[in-house]
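Visitor: Kindly generate the corresponding structure for this input.
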Amino acid sequence: MPQGGEEPMKKSLFFAALAAVSLAGCAGGAQDKEYNDLAAQAENEIKLANKTGFLWRDTEKFLKESKEAKEAGDTEKAMKLAQKALKQAQLAQQQAKDNANPRTMFSN
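Guide: Prediction:
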């Protein structure tokens, strides 16, 4: 027979564990959305960089590896690689702009 305080404690532990699992599920959903948004943004920036003719060599590779990491369950690695692809695509676009209006600098 259970002691006087055991039954309420079991219920409390059960509900605490249930709450923890529920919150972990919510966090995973938020991470998925954050990753999906980041990957979509990177894809769009890559398309723009490609149109300029200045897309960097490894940018698409980083996005591909990011998707593979996400499928393997490594969200942290996936986020880092997607962020790297996004940054490279943006820098490639800036490089295209900089090269569109070159300035010759003369020193005295």
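
Visitor: SS state for residue 82?
Guide: Assigned with DSSP: H, G, I helix; E, B strand; the rest coil, residue 82 falls in the helix class.

Visitor: again with the one 5 residues further on
Guide: When the structure is split into helix, strand and coil by three-state DSSP, residue 87 lands in helix.

Visitor: neighbours around it, how many?
Guide: When neighbours are counted by other Cβ atoms under 10 Å, residue 87 registers 14. In this view, the C-beta of every residue, glycine as well, is placed from N, C-alpha and C.

Visitor: From residue 28, how far off is it?
Guide: If you measure residue 87 against residue 28 using Cβ to Cβ, to the nearest Å, the figure is 25 Å.

Visitor: ok, now how distant is residue 73 from residue 35?
Guide: If you measure residue 73 against residue 35 using Cβ to Cβ, the figure is 12 Å.

Visitor: The two - which one has more neighbours?
Guide: When residue 73 is set against residue 35 and neighbours are counted by other Cβ under 10 Å, the residue ahead is residue 35, at 19 against 8.

Visitor: if I pick the more buried one, what's in contact with it?
Guide: Contacts for residue 35 (Cβ atoms under 8 Å, 6 or more residues apart in numbering) come out as 70, 75, 78-79, 82.

Visitor: Okay, now the unreliable bits of this protein?
Guide: Low-confidence segments of the chain, defined by pLDDT under 70, span residues 1-27, 108.

Visitor: nearest spatial neighbour of the residue nearest the centre of it, skipping sequence neighbours?
Guide: To find the centre residue of the chain, average its C-alpha atoms and take the closest one (Cα atoms, centre = their mean): that gives residue 79, at 2.8 Å. By the measure of Cβ to Cβ, 6 or more residues apart in numbering, the closest residue to residue 79 outside its immediate chain neighbours is residue 35, 5.9 Å from it.

Visitor: Alright, that wraps it up for me.
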